[in-house]
Each structure stands twice: as C-alpha cells, then as structure tokens.
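*Asks:* Sequence unavailable; structure follows:
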C-alpha cells in the first residue's frame, strides 16, 4: 500500500474506494446530533431525575460507545459533584451499587461486554439507562428491568454514529442538573458539524480542505496525538481510534501534562531520525497537538516548551485549536475534523475505510 495524495482529489476514486459510505456517514454527524436529542426527549430520559442524583455514573461501552462516556465526563468537567467513570470490560467495579446510575451504550445493542455489565447492574439494583438499537438484546434487558431505554437508529459502522450514542447521555446529565445543556446547545453543535462537513466535502480540493490536509500531514508518519485539556484529550483518543479502524493505521495518544513525563522521550529516539538525503521522508514521528481554549496555565507553558523542543529536533508538528464556547462544541469540531482525516487517510492509501476484518476475525474465533 502506497500513499498517493492525488487520490484525495480524484472524485471517482473517492466514490469507488468507499463502497461502505464512510464519508457520507461522517457527513451525517449533524443529523445524528439532532436525532439523538430527539430520541432522548421522546424516551423521557428526564424520568431519571425523579430518583434523585446518583452517587456516581458509570458508562459501559466499547469503541465509540465508550467514547460517549468520555465525552460526558469531559463535558461535566472537574466541577462535577459526582464521579463519572467509563467501563470498557465485562465487569462492573466492586464499589458500584444500588445508589449508582449505570448507562449501558451499544450501537448494535448486542456488544457482549456491555450486555454483561448491564446485567450485573440490574442484579445489583443500580438505576439503568440503556442507549442502543431498537429491538436489541440491550433493550430487552432494560425493558425487563423497567429501565429507561433510548432507541437510536444506528446504521452501518457504529463508530460513525458517535453522536447518536453520545447526545442522549448529555441530555440525561442535563436532566440530573449535572451539565448545562439545552436544545440551543445541541443545535449549535449540529451547525458546527454541518460547517465541518461543508469544508471537508469530497469535492473540496486538498489545499483548502482541512480534512484532506490533516490526512496528508499524517501520511507516512507515526502520529503522536496530544490533547491539552480533558476535552481535547477525548478528541485525541477518538482520532487515534479512527486512524486504527478507518485507515488501519498506528497512532499514539495522550494528554498534557502526562505525556510530558514519557512520550516526549520519543523525540530523541529512532523514529525521530530523518535522512535529509532520502527521496522520501520515511515513517517518522509527527506530533499532533489538539489545543483547547481552557488550558491550565502550567499546561500552556508545557505545551509551548514541548512544541519548541519538537521543532528543534526536526519533529514535524501539526497544531489544531478547538473553537466554541461550550466544551461539547469544541470536542465536536476536533472530532469531526479527525473523522474526516482518518477516512481520507484510508482513501489516500487505497484502503476501504469501512470493513474491520481483523476485529471481525477475532470475534469469530472467540465465539467458536
């Protein structure tokens, strides 16, 4: 597989190379925000408030469903009056009990890890909220437990339905008065994602298309993706995951200041070396920094020093600044751009971004 950037402006290639429709799925993100909000309202997630504020919120999910929990925690921020934890495994932590809210999220509604956790939550007497496909095993568990369930119309790859799965969690948290979120916020987020879809549309040429430009930056490198705040770190993790699943491409991610205590040493390692006489740049490190307007002052100092150090060692750097007044808006902008970039990176390598054959093969092997 070779990287050929001219593929990104070949409309026929972009269409034929994406038979699963990942680009249209990413472009549907704004509609997913509106649909997720409407589904949550129609499911009456506000009923959760009648039981009072829980001791803790535990979100159970894998892949994009787990990232929904991370987004919720980042929106709530450090000022949240309770812990918000994401569980990506088959078991609830031992401390989770009847005074806690467990939110089980699964796009298809049949993720085995999430079903296992939802079942444990019911047995322990936890309040349960389910989000997933209608008529699914997850909905059956919620119905049997008389729990609130939000059916969302997930189609295709669930990783492209992040906002369908995430928005109901934010609506539920708003009903519990844990986060400030109303219809106006979700409409602003949707409009931001619409603007991103317009700027990153396939017909927009590479020199003005931010999604294609980021894909070109990442190509033939090993990306180190850093977030400068909890919100930006969620976007960094999402970008790394999308690079893995869409482009079948390796990536590291982390959050400042933590990455300054280990990942930074890679600037002095073999992947940071470049042969200036080589015909191609080769696969070297690229530092991608996702910046947030809400940075701790010491994080800002560490970020600036880290970027200077990277440039002094000839490590190429890409900086992206989040925009928006609400953390959900800022995450949506960074995540939307990363979703496009990962898809364009796949297409630049002539890789179909939709199939996940290795994941499917592992699932088949363990089910035997």
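*Replies:* Looks like it came in fine. Everything quoted here is computed from the prediction, not taken from an experiment.
*Asks:* didn't residue 23 look like it was pressed against residue 203?
*Replies:* No - using C-beta atoms under 8 Å, residue 23 makes no contact with residue 203, being 11.0 Å away. The way it works is simple: take the backbone N, C-alpha and C, and place the C-beta from them, glycine included.
*Asks:* Neighbour count for the two, which is higher?
*Replies:* A count of neighbours by other C-beta atoms under 10 Å puts residue 23 above the other of residue 23 and residue 203, at 26 against 8.
*Asks:* For that one, give its distance to residue 197.
*Replies:* Distance from residue 23 to residue 197, counting by C-beta to C-beta, to the nearest Å: 10 Å.
*Asks:* Would you state the helices of the stretch 251-368 of the chain in chain order?
*Replies:* Using DSSP state H, counting those that start in this stretch, the helices found in the stretch 251-368 of the chain span residues 297-312, 327-348, 357-367.
*Asks:* closest to residue 80 out of these?
*Replies:* helix 327-348 (12.0 Å; C-beta to C-beta).
*Asks:* tell me the domain ranges of the chain?
*Replies:* 5-23+188-348, 28-184 (automatic domain parsing).
*Asks:* quick one: which of these is nearest residue 355?
*Replies:* Of those, nearest to residue 355 by C-beta to C-beta is domain 5-23+188-348, at 6.9 Å.
*Asks:* Let me know the average pLDDT across the closest one.
*Replies:* Per-residue pLDDT values across domain 5-23+188-348 average out to 94.
*Asks:* Can you give me the neighbour number for residue 105?
*Replies:* Neighbours of residue 105 (other C-beta under 10 Å): 33.
*Asks:* so it sits in a helix?
*Replies:* No - under DSSP: H, G, I helix; E, B strand; the rest coil, residue 105 falls outside any helix and is assigned strand.
*Asks:* Now for it: which residues touch it?
*Replies:* By C-beta atoms under 8 Å, 6 or more residues apart in numbering, residue 105 lies in contact with 59-61, 65-66, 68-69, 114, 130-132, 165, 169.
*Asks:* Please enumerate the strands of this structure.
*Replies:* Assigned by DSSP state E, the chain shows strands spanning 57-60, 84-87, 101-106, 127-132, 148-151, 221-227, 252-255, 284-291, 317-321.
*Asks:* any chance of the ones you listed in CSV, with distance to residue 93 too?
*Replies:* Listed next are these as CSV, based on distance: least, C-beta to C-beta, whole Å:
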stretch, distance to residue 93
strand 57-60, 7
strand 84-87, 7
strand 101-106, 11
strand 127-132, 16
strand 148-151, 22
strand 221-227, 25
strand 252-255, 22
strand 284-291, 29
strand 317-321, 34
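*Asks:* any idea how far residue 231 is from residue 153?
*Replies:* Taken as C-beta to C-beta, the span from residue 231 to residue 153 is 27 Å.
*Asks:* Next: residue 162.
*Replies:* Residue 162 sits 14 Å away from residue 153, taking C-beta to C-beta as the criterion.
*Asks:* The two: who's more crowded?
*Replies:* Set residue 162 next to residue 153 and count neighbours by other C-beta under 10 Å: residue 162 wins out with 27 against 12.
*Asks:* The more buried one reaches residue 67, doesn't it?
*Replies:* Yes - counting by C-beta under 8 Å, residue 162 does reach residue 67; the two are 6.4 Å apart.
*Asks:* Now do the shared contacts for those two.
*Replies:* Common neighbours of residue 162 and residue 67, counting by C-beta under 8 Å, 6+ apart, are residue 238.
*Asks:* before we move on, back to that, determine which two of the contacts of residue 105 are furthest apart.
*Replies:* Pairwise distances across the contacts of residue 105 (C-beta to C-beta) peak at 15.0 Å, for the pair 66 and 130.
*Asks:* ok, now which ones touch the nearest residue to residue 199 once chain neighbours are set aside?
*Replies:* Leaving aside its chain neighbours, residue 199 sits nearest to residue 210 (5.8 Å; criterion: C-beta to C-beta, 6 or more residues apart in numbering). Going by C-beta under 8 Å, 6+ apart, residue 210 touches 199-200, 337, 340.
*Asks:* Give me the buried entries from those residues.
*Replies:* Neighbour counting by 16 or more other C-beta atoms under 10 Å classes 200, 337, 340 among these as buried.
*Asks:* before we move on, could you check phi and psi at the first one?
*Replies:* Dihedral angles phi and psi of residue 200 (degrees, to the nearest 10) take the values phi -100, psi 10.
*Asks:* contacting residues around it?
*Replies:* By C-beta under 8 Å, 6+ apart, the residues touching residue 200 are 209-212, 336-337, 340.
*Asks:* Not counting sequence-adjacent ones, nearest residue to the most centrally placed residue in the chain?
*Replies:* A centroid search over the chain (C-alpha atoms, centre = their mean) returns residue 238, at 3.4 Å, as the residue closest to the centre. Distance criterion C-beta to C-beta, 6+ apart; nearest residue to residue 238, sequence neighbours excluded, is residue 335 at 5.1 Å.
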